[in-house]
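Undergrad: okay, predicted coordinates and the sequence, questions at the end:
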Amino acid sequence: MVEFFETTQLLLVWGERLRRARIGRNDSMKVFGARIGASEGTVRDMERGARTVQIGTWLNALAALDRLDDVVGALEPRVSLLDRARQADAGKPRARAYPRTRS
């Protein structure tokens, strides 16, 4: 399995945030796991930043914490500056580089 430093660090951060949110709601790992359809061990793995937790489980956790909107736009296509300029110019007639001369 390929491991990227950035993803490892992100999972650790998310795990800590999940732990704080769970404790803030006064949920045990077992209760929170039941809410998201996961075992207590899976919740523990999530809080430890384990790479093996399925993304569907993470999405269920975000939904249970009312934070699903935080990831809704994650894979939306990006529009580059050039694409924006092309869209703005799409309705305009194309200008000639050199004006026509009448002979």
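TA: On my side now, so go ahead. Residues are numbered from 1 along each chain as shown.
Undergrad: where does pLDDT dip in this structure?
TA: Counting by pLDDT under 70, the chain has low-confidence residues at 94, 96, 103.
Undergrad: how close does Arg44 get to Gly15?
TA: As judged by CB to CB, to the nearest Å, Arg44 and Gly15 stand 9 Å apart. Bear in mind the C-beta positions are built from the backbone N, C-alpha and C, glycine included.
Undergrad: now swap in Met1 and tell me
TA: From Met1 to Gly15 the distance is 18 Å (CB to CB).
Undergrad: between these two, which one's more packed in?
TA: Gly15 (19 against 4; other CB atoms under 10 Å).
Undergrad: who touches that one in this structure?
TA: Met46, Glu47, Arg48, Gly49, Ala50 (CB atoms under 8 Å, 6 or more residues apart in numbering).
Undergrad: got a quick ChimeraX command for the buried subset of those?
TA: Selection of the buried residues among these in ChimeraX, burial being defined by 16 or more other CB atoms under 10 Å:
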select :46,47,49
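Undergrad: the helices in this structure, which residues?
TA: Counting by DSSP state H, the chain has helices at residues 5-24, 29-36, 40-48, 55-64, 81-89.
Undergrad: please save the CA atoms from the last one in CSV.
TA: Provided in CSV are the C-alpha atoms of helix 81-89 (Å, rounded to 0.1, in the frame of the first residue of the first chain):
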residue,chain,number,x,y,z
LEU,A,81,-8.5,30.6,-14.7
LEU,A,82,-8.2,29.8,-18.4
ASP,A,83,-11.5,27.9,-18.4
ARG,A,84,-13.2,30.8,-16.7
ALA,A,85,-11.9,33.2,-19.3
ARG,A,86,-13.1,30.9,-22.1
GLN,A,87,-16.5,30.8,-20.6
ALA,A,88,-16.7,34.5,-20.3
ASP,A,89,-15.6,34.9,-23.9
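Undergrad: and that helix, what does it pack against?
TA: If you count contacts as 3 or more CB pairs under 8 Å, 6 or more residues apart in numbering; DSSP states H and E, helix 81-89 packs onto no helix or strand.
Undergrad: ok, the second one next?
TA: Counting contacts by 3+ CB pairs under 8 Å, 6+ apart, helix 29-36 packs against helix 40-48, helix 55-64.
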